[in-house]
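A.B. asks: Sequence and computational prediction follow.
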Amino acid sequence: MDFAVSDKLKTILGLIDEFVDRELIPLEPEFLNHEFHEMLPALAEKRELVKQMELWAPNFPQEQGGLGLDMVDHALISEALGRSPLGHYVFGCQAPDAGNVEILHMYGTDEQKERWLGPLVRGEIRSCFAMTEVDMPGSNPTMLETTAVEDGDDWVINGHKWYTTGADGSAFTIVMAVTNPDAPAHLAASQIIVPTDNPGFNLVRNIPVMGHEGSDYASHGEVLFQSCRVPRANLLGGRGAGFAIAQDRLGPGRIHHCMRWIGICNRAFDLLCQRASTRKIAPDGRTLASKQIVQQWVADSAAEIQAARLMVLHAAWAIDQVGQKAARDEVSMIKFVVANTMNRVIDRALQVHGGLGMTDDTILAFLYRHERAARIYDGADEVHQVSLAKRILKRYAPEAADG
Ligand SMILES: Cc1cc2nc3c(=O)[nH]c(=O)nc-3n(C[C@H](O)[C@H](O)[C@H](O)COP(=O)(O)OP(=O)(O)OC[C@H]3O[C@@H](n4cnc5c(N)ncnc54)[C@H](O)[C@@H]3O)c2cc1C
């Protein structure tokens, strides 16, 4: 393994760090106290600056205007951007658009690329991904009720989705729907592009999540597809290829999320240490940093972040070396390890801030609310733990872990 960072990437990371400190962190008080859609003009200005710096959409292939980096380089950029919740959005590489770009790039027809991929990569439109359903377990996505039935030259889609992140304000969604009900479960579904102004696409509401419905990109939609008719040409990839495409999307997506979470850990850890070093808790001027329990939080957090970070970089390196299928143990491990590390570090940082930590005067309460979901989306902790354990145990006795 060689995690050495090239001179080019060092320069890019330096520029991103500086940009996050100078342009994005000062915007956060506004972000915490306003709806996301109110911030769009200010964020558009920042996006323009990023484009002028030629750092826009760093995760995309060079032919798409990105930087054409490998997975380890992506991971390090995601870490740098993750220090602010605005980072990925302002640099044009936010989920779920980044994943949609990847699959449109891999599977889109020329027509789909021209109509959807180009404007998406340029940041002119946003998109969303509708897989999870209200009445079915997202943890077992082969159990889908949403159907797409052929009728003449069209697909007619019916189904009830939710947690379609960023549906509010998106130009299109990619929906997972059963097209081959008689095929084996993993070949039953397809992905279909649906413009959000299409009749039959109904955004029911932005779901209140941890007390906040949000708006625009910072929201999670409940979506009803009611006899939603789109041309057959909107099928993405092959008929029945929905799960294969979803798998292609998830491996790199988890690396991006996990390194973004390491960026969040770094931010929370800085706040923890700054507060501990300055908050006086005794008349003689001693600060919280003088308390052994706080020292233990500092030491544990530093070690846990370092361990999690190296695990993600190793998983990214493994994907670069052997591909994401062969690296799936590494990817499963980082998903639950990093999500839990991040939640612990945020919790400790918030605790050190006392009552201040509960307010929106720092970013910590937002991170505490928002990042709890990391243990649920893209595979809940337990799903990754069970499947990892089964793969390991199978190496000892093939049937032992069935059930
Ligand atoms: C903030 C956020 C954003 C999201 N964005 C999107 C999006 O853009 N598009 C989209 O399609 N979906 C999205 N999701 C949905 C997410 O992918 C699902 O919530 C997730 O897959 C879990 O599915 P579920 O909610 O139906 O829970 P269920 O499948 O009902 O599982 C509930 C719990 O059961 C346990 N469990 C489940 N299976 C097992 C198992 N095999 N072994 C042991 N325990 C198990 C886990 O603890 C799990 O948390 C998002 C979710 C959140 C919270």
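C.D. replies: Alright, I've got the coordinates. Note that this is a predicted model, so its numbers are computed, not measured. Residues are numbered from 1 along each chain as shown.

A.B. asks: Chain neighbours aside, what residue packs nearest to residue 61?
C.D. replies: residue 68 (5.5 Å; Cβ to Cβ, 6 or more residues apart in numbering). Where you see a C-beta, it was placed from the backbone N, CA and C, and this is true even at glycine.

A.B. asks: Tell me the pLDDT of that neighbour.
C.D. replies: The per-residue pLDDT reported for residue 68 equals 79.

A.B. asks: I'd assumed residue 58 was in contact with it.
C.D. replies: No - in this structure, residue 68 is not within contact of residue 58 by Cβ atoms under 8 Å, at 9.3 Å.

A.B. asks: Those two: which is more packed in?
C.D. replies: For residue 68 versus residue 58, the count of surrounding residues by other Cβ atoms under 10 Å is larger for residue 58: 23 against 13.

A.B. asks: Okay, the closest residue to the more buried one other than its chain neighbours and residue 50: tell me how far apart.
C.D. replies: Excluding the flanking residues, the one nearest residue 58 by Cβ to Cβ, 6+ apart is residue 67, at 4.6 Å. Separation of residue 67 from residue 50 (Cβ to Cβ, to the nearest Å) stands at 12 Å.

A.B. asks: can stretch 350-366 be found next to the ligand?
C.D. replies: No - no part of stretch 350-366 sits near the ligand under the criterion Cβ under 6 Å from any ligand atom; the closest distance found is 13.3 Å.

A.B. asks: Render the CA-only coordinates of that stretch in CSV, please.
C.D. replies: Output of stretch 350-366 as CSV, limited to C-alpha atoms (Å, rounded to 0.1, in the frame of the first residue of the first chain):
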residue,chain,number,x,y,z
LEU,A,350,-21.4,18.3,21.7
GLN,A,351,-21.1,17.1,25.4
VAL,A,352,-17.9,19.2,25.9
HIS,A,353,-19.9,22.3,24.7
GLY,A,354,-22.6,21.7,27.3
GLY,A,355,-25.7,23.8,26.7
LEU,A,356,-24.0,25.6,23.8
GLY,A,357,-23.7,22.2,22.0
MET,A,358,-27.5,21.9,22.0
THR,A,359,-28.0,25.2,20.3
ASP,A,360,-27.6,26.1,16.6
ASP,A,361,-24.8,28.6,17.5
THR,A,362,-22.3,25.9,16.5
ILE,A,363,-22.6,23.3,13.8
LEU,A,364,-22.6,20.4,16.3
ALA,A,365,-26.3,20.1,16.9
PHE,A,366,-26.9,20.1,13.2
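
A.B. asks: how about that stretch: buried residues?
C.D. replies: 350, 352, 353, 357, 362, 363, 364, 365, 366 (16 or more other Cβ atoms under 10 Å).

A.B. asks: Which of these sits closest to residue 295?
C.D. replies: For the buried residues of stretch 350-366, the minimum distance to residue 295 (Cβ to Cβ) is 11.4 Å, reached by residue 352.

A.B. asks: list the contacts for the closest one?
C.D. replies: 272, 275, 276, 279, 288, 294, 297 (Cβ atoms under 8 Å, 6 or more residues apart in numbering).

A.B. asks: Contacts only, for the fifth one.
C.D. replies: Listed by Cβ under 8 Å, 6+ apart, the contact set of residue 288 reads 275, 276, 277, 279, 281, 294, 352.

A.B. asks: How about the third one?
C.D. replies: Contact criterion Cβ under 8 Å, 6+ apart gives 287, 288, 289, 294, 298, 352 as the residues in contact with residue 276.

A.B. asks: so which strand or helix has the nearest residue to residue 351 once chain neighbours are set aside?
C.D. replies: Once flanking residues are discounted, residue 351 sits nearest to residue 357: 6.7 Å by Cβ to Cβ, 6+ apart. Using DSSP states H and E, the element containing residue 357 is helix 355-358.

A.B. asks: Can you list the neighbours in contact with that helix?
C.D. replies: 275, 349, 350, 351, 362, 364, 365.

A.B. asks: Serialize those to TSV and add fields for pLDDT.
C.D. replies: Output for those, formatted as TSV (pLDDT from 0 to 100):
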residue	pLDDT
275	98
349	98
350	98
351	98
362	98
364	98
365	98
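
A.B. asks: ok, of the residues you listed, which one's closest to the ligand?
C.D. replies: Closest approach to the ligand among those (Cβ to the nearest ligand atom): residue 365, at 16.5 Å.

A.B. asks: Show me what from the stretch 251-400 of the chain comes close to the ligand.
C.D. replies: So the stretch 251-400 of the chain meets the ligand at 373, 376, 377, 380, 382, 383, 386 (Cβ under 6 Å from any ligand atom).

A.B. asks: Just the buried residues of these.
C.D. replies: Buried among these by 16+ other Cβ under 10 Å: 377, 380, 383.

A.B. asks: Now do the following helix or strand past the helix holding residue 357: which elements does it pack against?
C.D. replies: Remark: after helix 355-358, the chain's next helix or strand is helix 364-370, criterion DSSP H and E. With contacts taken as 3 or more Cβ pairs under 8 Å, 6 or more residues apart in numbering; DSSP states H and E, helix 364-370 sits against helix 242-278, helix 328-352, helix 355-358.

A.B. asks: buried stuff in the longest one?
C.D. replies: By neighbour count, with 16+ other Cβ under 10 Å as the criterion, the buried positions of helix 242-278 are 242-246, 248-269, 271-273, 275-276.

A.B. asks: Determine how far the host helix or strand of residue 51 lies from the middle of the whole chain.
C.D. replies: Using DSSP H and E, residue 51 falls within helix 40-52. Mean-position distance between helix 40-52 and its chain equals 21 Å (Cα atoms, centre = their mean, to the nearest Å).
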